[in-house]
Structures are given as structure tokens and as C-alpha cells.
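Asker: Have a look; sequence and predicted model below, questions after that.
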Amino acid sequence: MTQGRTRIVSICGSLRAGSVNAAVLAAAARLAGPDVEMSPYCGLDALPHFNPDCDHDAPPPGVRDLREDLARADAILFSTPEYAGSLPGSFKNLLDWTIGASSLYRRPVGWINPSAHGGARDAFHALRLVLDKAGANVVEAACADVPVGRDALDADGEIRNETLLRKIAAVTSALARAAT
């Protein structure tokens, strides 16, 4: 923990500007209590393609930054869209880079699935498989479907619906509790 605060790194699996997934994680950061520091990971688009030959003591700079960010985390919160029935390639690439360094091992993790129509189930099933293989501590109370349609975002791209915000806050709170 950072100065008595629980540090949660949030990772968005979408590179899209105006992503609903990013809006969900931004809402989680706004709603985090005073004892929680939410830190968004912002290097997804800069990670090199995973190559086991480069997964050694001196990984590429973007990979080193990812691993250092995760090493400082008490917990990790994910939100990702589904592409072609699974995880987006860039997001899966990030997950692949976490395996060799055991970056997720025993770390409390949770996710918010914001798919508005009950979709993305295959993506989150795939995410669970990867997290299990990585040895992460999947916190069930911090894994939730919180359907957020594009119409739930205001002109600034923020979620204002109180029902949605309560559900997002409950996930963040459950993850923070599991990390302490």
C-alpha cells in the first residue's frame, strides 16, 4: 500500500477514443474512496508484440514500465471490450507480457464488463482463463457486469447515472477490501 492507501491499477483493453471501458474505469477512479489510489495504465498502445525471446531480465522499455506499474499495485481492475468473440489482440498481448514476470501472481484482480447487451461474455471467460493461468487472485465480488450503453455517457464522456455509479463503486470497494 502507498502511504496507507490501497493502490489499484486500472487497465483498459480498448484503444478507442471515447471508449465505454475507459469511461467505466474513469468513473471507478472518481468514486474510489480516500483510502484508494486509482492509477490508470496508459501504455497499451506502446507495448511491443509479445516475443518469448525478449522476455528476460532486460525486457523492452514498455514492458519494463508495465511490470513496474503492476509491481507497485495492490490490486488490478480490468475493463475490456470483446473483439471477434475474445479479448482484443493488444490487450491479450499485455496479458502475455505479465506471465513470465509473474506480474499478476497472487495479486487481487477484478473486472467490469460494461457491454450494454449482456455481451462480451466470451472475452471475460477468456480473461478468467488467462488470469487463472497467471495465478491471479480473482476477487468474485469485484467482477461484475455493469451494462453501460453509449447513451449513458454525457457530452464529456462521463457516466452520471447513479445506479451505474453505485455498481461501479461496489466493484472498486470490493477489490480494495480484498487488497488490504
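Answerer: Sure thing, it's come through. Residues are numbered from 1 along each chain as shown.

Asker: average pLDDT for the helix ranked longest in the chain?
Answerer: When the chain is parsed with DSSP state H, its longest helix is helix 162-179. Model confidence over helix 162-179, given as mean pLDDT, is 97.

Asker: Would you mark the buried spots in that helix?
Answerer: By neighbour count on 16 or more other Cβ atoms under 10 Å, the buried set for helix 162-179 is 164-165, 167-169, 171-176, 178-179. C-beta: built from backbone N, CA, C; applies to glycine.

Asker: all strands for the protein, in order.
Answerer: Along the chain, counting by DSSP state E, strands occupy 6-12, 36-40, 75-79, 108-113, 137-145.

Asker: Now for S103, how many residues are close by?
Answerer: By other Cβ atoms under 10 Å, 22 other residues sit near S103.

Asker: Got the confidence number for it?
Answerer: If you check S103, the pLDDT there is 96.

Asker: Give me the spatial nearest neighbour of it, chain neighbours excluded.
Answerer: Closest residue to S103 apart from its sequence neighbours, by Cβ to Cβ, 6 or more residues apart in numbering: L70 at 4.3 Å.

Asker: Could you give the number of residues near the one you found?
Answerer: The number of residues packed near L70 is 20, by other Cβ under 10 Å.

Asker: show me the contacts for it.
Answerer: Going by Cβ atoms under 8 Å, 6 or more residues apart in numbering, L70 touches V9, I76, T98, S103, L104, R107.

Asker: Do you know the pLDDT at it?
Answerer: 97.

Asker: ditto for the one 4 residues further on
Answerer: At D74, the predicted lDDT confidence score is 98.

Asker: CA atoms only for stretch 20-31, dumped as PDB, please.
Answerer: Extracted in PDB, the C-alpha atoms of stretch 20-31 (Å, rounded to 0.1, in the frame of the first residue of the first chain):
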ATOM      1  CA  VAL A  20     -17.000   3.000 -22.700                       C
ATOM      2  CA  ASN A  21     -14.500   0.800 -21.000                       C
ATOM      3  CA  ALA A  22     -12.200   3.800 -20.300                       C
ATOM      4  CA  ALA A  23     -15.300   5.700 -19.100                       C
ATOM      5  CA  VAL A  24     -16.100   2.900 -16.600                       C
ATOM      6  CA  LEU A  25     -12.500   2.900 -15.300                       C
ATOM      7  CA  ALA A  26     -12.500   6.700 -15.000                       C
ATOM      8  CA  ALA A  27     -15.800   6.500 -13.000                       C
ATOM      9  CA  ALA A  28     -14.200   3.900 -10.800                       C
ATOM     10  CA  ALA A  29     -11.300   6.300 -10.100                       C
ATOM     11  CA  ARG A  30     -13.700   9.200  -9.300                       C
ATOM     12  CA  LEU A  31     -15.600   7.000  -6.900                       C
END
